[in-house]
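> need the 3D shape of this:
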Amino acid sequence: MKKANKVDAVERMRESIAAQKGAVVAENLGLTVAEVTRLRKVLREADVDFRVVKNTLIRLASRDTGFEKLSDTFIGPTAIGFARTDPVALAKAMKEFAAGNPKFRLKAGYLDGKVLSVPEIEALADLPSREVLLSQLVGALTSPLRRLARAMSDPHRKLVYALHSIHEKQSSQPTA
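Numbers count the residues shown, from 1 in each chain. As a prediction, this is how the structure comes out:
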């Protein structure tokens, strides 16, 4: 690779690092073109930038960034997924692919300035989707309000039932 191409590649990686919400580093031990294409398709749907990188170039690109904390994982054939929007979707996709392919092994992750171990990546992948979490939050927030509304309407309802019962008793008695 010519020096100008290397500089350009380092700059593109630096841009990916700056734009990422989370990242997962994996070891790519000889995936076929079809396997990489399948992985890229899944990751593209999750809005992930996936790259097979040269270790020296990613070390240069990550210099003076928080991502530099991962530099000890840049050994051997390295592939990195950068999440632009949803780090959970990235972790899910990478975990699922690694589970079905022994030539692809997760090494580490990066989220909010913190290096993640493989078990932490797997725990992140096991989280429900953003939409499910938001609906659970809405349910949790509205539940106390529903209970309060029900508690406030109970005395009125009981009064109506009692009045209705008295009316039924009086209507069923013969008038003299």
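> contacts for stretch 127-135, please.
In this structure, residues lying in contact with stretch 127-135 by Cβ atoms under 8 Å, 6 or more residues apart in numbering are 86, 88-89, 136. No exception for glycine: its C-beta is placed from N, CA and C like everyone else's.
> and of those residues, the nearest to residue 29?
The closest of those to residue 29 turns out to be residue 89 (Cβ to Cβ; 24.0 Å).
> wait, the closest one sits on residue 44?
No: if you go by Cβ atoms under 8 Å, residue 89 and residue 44 don't touch, sitting 11.2 Å apart.
> tell me which of these two has more neighbours.
The residue with the greater number of neighbours, taking residue 89 and residue 44 and applying other Cβ atoms under 10 Å, is residue 89; the counts read 21 against 12.
> how close does residue 76 sit to residue 53?
For residue 76, the distance to residue 53 under the criterion Cβ to Cβ, to the nearest Å works out to 12 Å.
> between the two, point out the one with more neighbours.
Looking at residue 76 and residue 53 with other Cβ under 10 Å, you find the greater number of neighbours at residue 53, namely 19 against 11.
> now do the contacts for that one.
Under the criterion of Cβ under 8 Å, 6+ apart, the neighbours of residue 53 are 13, 74, 78-80.
> farthest pair within these?
Looking at the contacts of residue 53 by Cβ to Cβ, the two members farthest from one another are 13 and 79, with 12.6 Å of separation.
> number of residues surrounding residue 141?
Neighbour count of residue 141, defined by other Cβ under 10 Å: 9.
> again with the one 4 residues further on
For residue 145, the neighbour count with other Cβ under 10 Å is 9.
> what residue spans form the domains of the protein?
According to automatic domain parsing, the chain is divided into the following domains: 3-127, 128-176.
> quick one: the helices in the protein?
In the chain, helices defined by DSSP state H lie at 3-19, 33-45, 55-62, 87-100, 118-125, 130-172, listed in chain order.
> any idea how far the fourth one is from the chain center?
In terms of Cα atoms, centre = their mean, to the nearest Å, the centre of helix 87-100 is set 10 Å apart from its chain centre.
> what's the spacing between residue 72 and residue 25?
As for residue 72, its distance to residue 25 is 10 Å (criterion: Cβ to Cβ).
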